[in-house]
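**Student:** have a look; sequence and predicted model below, questions after that.
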Amino acid sequence: MLDQLRLPLTAVFLAMVIGIFGCAGSGSAASESQQTGSKRDRYAPLSEYEATLNPSEYDQEVDVIENDHANDATDERIEIPVDTSTVSEEIVQGFRIQVFSSSNIDEANAARLSALEQFTADSVYLIYDPPVYKVRVGDFLQRFDANSRLQEFVALGFRDAWIVPDRVVKRGKK
């Protein structure tokens with residue numbers, strides 16, 4: 001029976017020893033802070049700083065800065081040329097060439113980057129139609145235009161490319 005009580009008594013004894021040494025350690029830290037000075041002595045409240053502030057001491061600096069700005073200002077105006085050709089954009093029904101589709105976004109982004117490198121003159125779109133990511137290229141108003149470019153896409157490695165109807169951006173000059 002004594003063996004059964006030995007383990008709990010040992011645990012209680014160790015807890016008491018740890019508690020005593022733990023409290024003794026914090027007492028020395030408290031006495032150390034008393035020796036070096038309290039936080040109140042080192043950090044003054046904001047109200048003490050505000051009481052010593054005199055804004056009129058800084059008026060001369062403001063005058064110097066205002067004079068510098070007045071000297072820099074000139075009446076010369078820069079004329080900005082007016083753009084005579086503005087581009088209008090309109091969303092219409094058209095066609096695009098779909099070059100890739102996958103449920104993995106990383107694969108779709110890789111295909112998008114590849115299409116951006118190869119077709120710099122065309123717009124490249126990454127479309128999410130749950131659960132599939134689709135990479136589409138171009139803004140073709142007529143199916144004939146998309147069909148004439150399809151072989152170019154196949155020749156560049158997009159063997160599964162095909163024409164899809166989509167809402168496209170029609171650009172024109174006003």
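**Tutor:** Now that the structure is in, tell me what you want to look at.
**Student:** got the contact list for residue 108?
**Tutor:** When contacts are counted by C-beta atoms under 8 Å, 6 or more residues apart in numbering, residue 108 touches 100, 101, 102, 126, 133, 134, 135. C-beta: built from backbone N, CA, C; applies to glycine.
**Student:** highest neighbour count among those residues?
**Tutor:** Neighbour count (other C-beta atoms under 10 Å) singles out residue 135 as the most crowded of the contacts of residue 108, with 27 neighbours.
**Student:** any regions of the protein where pLDDT drops low?
**Tutor:** For the chain, the stretches flagged by pLDDT under 70 are 1-7, 23-42, 72-77, 83-84, 86, 173-174.
**Student:** most centrally placed residue in this structure?
**Tutor:** residue 109 (18.3 Å; C-alpha atoms, centre = their mean).
**Student:** hmm, back to that, redo the contacts of residue 108 as JSON lines? Include distance to residue 150.
**Tutor:** Shown next, in JSON lines, are the contacts of residue 108 (distance: C-beta to C-beta, whole Å):
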{"residue": "100", "distance to residue 150": "14"}
{"residue": "101", "distance to residue 150": "16"}
{"residue": "102", "distance to residue 150": "20"}
{"residue": "126", "distance to residue 150": "20"}
{"residue": "133", "distance to residue 150": "21"}
{"residue": "134", "distance to residue 150": "16"}
{"residue": "135", "distance to residue 150": "15"}
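**Student:** between these, which sits nearest residue 161?
**Tutor:** Using C-beta to C-beta, residue 100 comes nearest to residue 161 of those, at 8.4 Å.
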